[in-house]
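Asks: coordinates only, sequence not included:
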């Protein structure tokens, strides 16, 4: 049986790479994990994860998309498919995280590439993000509102943001999270466990 592929998308700086790092640390004792990252011209995110995660470096592949990140996760998914297949062949992981390069609110994954996907926004991008209702935010399997610890520094009303997220998601799951609050990361990991 192949790996469960979990897409992670969201705007630049929303915390996708850090979230994958934290989730890998949370899940690696129970699951065999591999990671594919996407950057336009570098392998910056892959290099970061190789330096910070206690898993074999060969389990982390960086894809240089050379163009719009959403194209490589939604339209022409061939580079990411090859990377996932290579990891599957070498390591037979149970979970492969596929991180999109930072993109706008319209970024969505092809379900030919992933089994489900998380969409990450952060409060520092503005409390109005949920009201903008981008496709990624509305259609993802799990929305993560990240860096909630920064709300007071950027004058974001988390209660209002919660109401806006509830209105935008219409019953679909979401989690407000911060790496400063480990229990919120555990909630995301628990959602993944229940989904796979």
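Replies: Nice, thanks for sending it over. What you are looking at is a predicted structure, and each value in this text was computed from that prediction instead of being measured.
Asks: so which residue of the chain lies furthest out from the middle?
Replies: residue 155 (25.1 Å; C-alpha atoms, centre = their mean).
Asks: just say helix, strand or coil for it.
Replies: Using DSSP: H, G, I helix; E, B strand; the rest coil as the criterion, the local structure at residue 155 reads coil.
Asks: report the separation between it and residue 124.
Replies: 10 Å (C-beta to C-beta, to the nearest Å). Any C-beta I mention is one placed from the backbone N, CA and C, and that applies to glycine too.
Asks: mind checking how far the worst-scoring helix or strand of the chain on mean pLDDT is from the chain centre?
Replies: In the chain, the helix or strand scored least confidently by mean pLDDT, DSSP states H and E is helix 69-70, which has a mean of 74. Chain-centre distance of helix 69-70: 13 Å, with C-alpha atoms, centre = their mean, to the nearest Å.
Asks: and after it, which helix or strand comes next?
Replies: helix 78-91 (DSSP states H and E).
Asks: now the next helix or strand after that following helix against helix 78-91, angle please.
Replies: Proceeding N to C from helix 78-91, the next assigned helix or strand is strand 95-99, under DSSP H and E. Going by axes from the mean of the first three to the mean of the last three C-alpha atoms, to 10 degrees, strand 95-99 is angled at 150 degrees with respect to helix 78-91.
Asks: let me see the residues that make contact with the least confident helix or strand of the chain.
Replies: Contacts to helix 69-70, defined as C-beta atoms under 8 Å, 6 or more residues apart in numbering, come from residues 9, 38-40, 100-104, 106-108.
Asks: switch to 6 Å and redo it
Replies: 38, 100-101, 103, 107 (C-beta atoms under 6 Å, 6 or more residues apart in numbering).
Asks: between those, which is nearest residue 196?
Replies: residue 100 (19.6 Å; C-beta to C-beta).
Asks: where's the closest one relative to residue 38, distance?
Replies: Counting by C-beta to C-beta - residue 100 and residue 38 are separated by 5 Å.
Asks: cool, residue 126 as well?
Replies: Here the criterion is C-beta to C-beta. By it, residue 126 lies 24 Å from residue 38.
Asks: looking at these two, which is more packed in?
Replies: residue 38 (29 against 15; other C-beta atoms under 10 Å).
Asks: excluding covalently adjacent residues, which one is nearest to the more buried one?
Replies: residue 101 (4.3 Å; C-beta to C-beta, 6 or more residues apart in numbering).
Asks: surely that neighbour is in contact with residue 41?
Replies: No. Taking C-beta atoms under 6 Å as the definition, residue 101 is not a contact partner of residue 41, at 9.7 Å.
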